Structure formats: C-alpha cells, structure tokens
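A.B. asks: Okay, sequence plus prediction incoming.
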Amino acid sequence: MNSINPQRIPRHVAIIMDGNGRWAEQRGMERVYGHVHGVESVRKSVKAAARWGVEYLTIYAFSTENWGRPTEEVNALMELFCESSLGEAPALQRAGVRMRFIGNLAGLSPRVQDAIRRSEQMTADNTKLTLQIAVNYSSRWEITDMVRRMAEEAKNGRLSPDEITPDKISDYLTTAGVPDPDLLIRTSGEHRLSNFLLWQLSYSELYFTDIFWPDFDEKAFDLAIMDFQNRQRRYGLLTK
Ligand code: IPE
Ligand code: IPE
Ligand code: MG
C-alpha cells in the first residue's frame, strides 16, 4: 500500500523524538543545535497529524533521566521549552491545537511551569488535535505517583481495593481521559521505550525508523501511518 486510507487513521500517535544530539554531531555542531532543529520537526508532525485527523499526538520531550545530562544541555532544553511553547501557541491556536503537558511538572522551575500554564491556557478551548508534551516524564515516576495517590485515597476511606480496576488505574495516570496510543514512533534507530508510557503502550503498534528526529518530516510521518495501516491488531484474539 502506498497511500493513506483516511478511514483507518490512528486516533492517538505517540513519538519518542530521538537523535537530536547525533544529528548535530554529524554536522560538527553542539548537541543543542539538534534540539533547536527538532522544534521544526514537531511543527511538521503536528501539521501532518492534524491533516489526517489524528486526535492526540503525544511527544516525549524530556525524561526524568535526562536531568543527568550536562547542565548546559539541560538549561538549553528548558529554555527551548519556554520559548517554543509560548512562541508556538498563537500558531497552534489558529490551527485548533490544544497543548497539554504531562509529567512531574511540579519538579520544573517556576519559569518553565509558568510557560506551561500560559500555553495550556491560551490553547485550552481547541478541539482539532490535542498535543500532549511529556516533560520531566517517566513511566515509572507516573506509576509510582498513581500508586501513592491511590494509597492515600484508600487510607482516607475514599477508595476501596475492589474498586481498583485497569480503567481506574488509567484514571490516575497523567493521561487520564485520553485513549491509549494506537501507534508509537521512535526515531534514530533505537529500539527501546526508555521509560515512556509503559502502561498506555500495552497494545500499541510500534514503529522504528533510523531517521534522526531533526530530519523527521510530514513524509516520514505519513510513512509511519501507512505502515500502521498494514498492521493487523489482534489484542490476543484470533483472526478469521
Ligand atoms: C532526543 O535527542 C531529545 C532528548 C532526549 C531531549 P537526544 O538528545 O537523545 O539525541 P541523541 O540520542 O543523543 O542523538
Ligand atoms: C528518550 O530519549 C527521552 C526523550 C526522547 C525525551 P533518550 O535519548 O533520553 O533515551 P535513551 O537514553 O536512548 O534510552
Ligand atoms: Mg537520545
């Protein structure tokens, strides 16, 4: 198949945007140069997703493990989040895109938290596409936080153990109310999840490409959708 079937578009696409540093190094530049170029790829993916009617696009921007990188790189990334979330908000607003941030947001600096709050507020009423940006996120942090909050509610008598079901657990995650990803894309040739959406990706189709994130464009996004459309999702059942 070499065209996209508009009847079988994934509702939710998640992306591990990887390879910015290697992309920059290949060009003899600092790693940060790759992160800056990566913003353009986000723009292109948002455009492609909106064009096909994808409802949710979740992108992994900064993991809890990424704090271990050199301070200059971490600072540059934080600066880039502030600049690009506020800078992109008007265009996203015009395109009908709602921004939603997930992760341990309380662990970010007040400046980053403020940029997050403002860009979420600016785009809050949009319904065409929800862009979820995972910042200071890791799945193990999220699952630990979920268990802690549930235990707290149980202790206070507001939650009984037999009310704990898979759906209930989903309600306590940062992605509450959002359907699980249908498709996960990871760029840069790495074949791992790196602590991203472990619960939510249980039945997602996985797509890996060698393209470094700054080179990922609308065409690359479309190829991933086409690949997804050739998959047969069985959810443990048998096919006729
Ligand atoms: C992904 O690119 C962006 C973040 C993790 C913030 P990397 O910075 O991981 O680039 P590589 O994988 O080192 O090339
Ligand atoms: C995953 O990429 C995190 C983000 C894309 C934000 P990493 O580059 O941090 O992951 P590893 O180190 O290759 O597993
Ligand atoms: Mg990487």
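C.D. replies: The structure has been received and is ready for your questions. Ligands and ions are numbered 1, 2, ... in the order given.
A.B. asks: count of neighbours near Gln232?
C.D. replies: Using other Cβ atoms under 10 Å, Gln232 is surrounded by 6 other residues. Every C-beta, even on glycine, is put in place using the N, C-alpha and C of the backbone.
A.B. asks: how about the strands of the protein, start to end?
C.D. replies: If you assign secondary structure with DSSP state E, the strands in the chain sit at 12-16, 56-63, 97-102, 129-137, 183-186, 205-208.
A.B. asks: quick one: which of those strands is nearest ligand 1?
C.D. replies: strand 56-63 (5.4 Å; Cβ to the nearest ligand atom).
A.B. asks: quick one: the closest one to strand 12-16, angle?
C.D. replies: On the basis of axes from the mean of the first three to the mean of the last three Cα atoms, to 10 degrees, strand 56-63 is oriented at 20 degrees to strand 12-16.
A.B. asks: returning to that earlier point: quick one: the strands of the chain as a markdown table, columns for mean pLDDT, mean neighbour count and distance to ligand 1 too.
C.D. replies: Formatted as a markdown table, the strands of the chain follow (pLDDT from 0 to 100; neighbours: other Cβ atoms under 10 Å; distance: least, Cβ to the nearest ligand atom, whole Å):
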| stretch | mean pLDDT | mean neighbour count | distance to ligand 1 |
| --- | --- | --- | --- |
| strand 12-16 | 99 | 25 | 8 |
| strand 56-63 | 99 | 23 | 5 |
| strand 97-102 | 98 | 21 | 15 |
| strand 129-137 | 98 | 23 | 10 |
| strand 183-186 | 99 | 24 | 10 |
| strand 205-208 | 98 | 17 | 14 |
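A.B. asks: In TSV, list the ones you listed along with distance to Ala176.
C.D. replies: Shown next, in TSV, are the strands of the chain (distance: least, Cβ to Cβ, whole Å):
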stretch	distance to Ala176
strand 12-16	14
strand 56-63	13
strand 97-102	10
strand 129-137	11
strand 183-186	19
strand 205-208	23
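A.B. asks: Make CSV from the ones you listed and add distance to ligand 2 to it.
C.D. replies: Below are the strands of the chain laid out as CSV (distance: least, Cβ to the nearest ligand atom, whole Å):
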stretch, distance to ligand 2
strand 12-16, 5
strand 56-63, 4
strand 97-102, 12
strand 129-137, 7
strand 183-186, 8
strand 205-208, 12
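A.B. asks: distance of the residue of the chain found nearest ligand 2 from Ala224?
C.D. replies: Per Cβ to the nearest ligand atom, Ser194 is where the chain lies closest to ligand 2, at 3.6 Å. Here Ser194 is placed at a distance of 18 Å from Ala224 (Cβ to Cβ, to the nearest Å).
A.B. asks: correct me, but Leu131 touches Ile102?
C.D. replies: No: counting by Cβ atoms under 8 Å, Leu131 does not reach Ile102; the two are 10.9 Å apart.
A.B. asks: what residues are shared contacts of the two?
C.D. replies: Common neighbours of Leu131 and Ile102 are listed as Thr58 (criterion: Cβ atoms under 8 Å, 6 or more residues apart in numbering).
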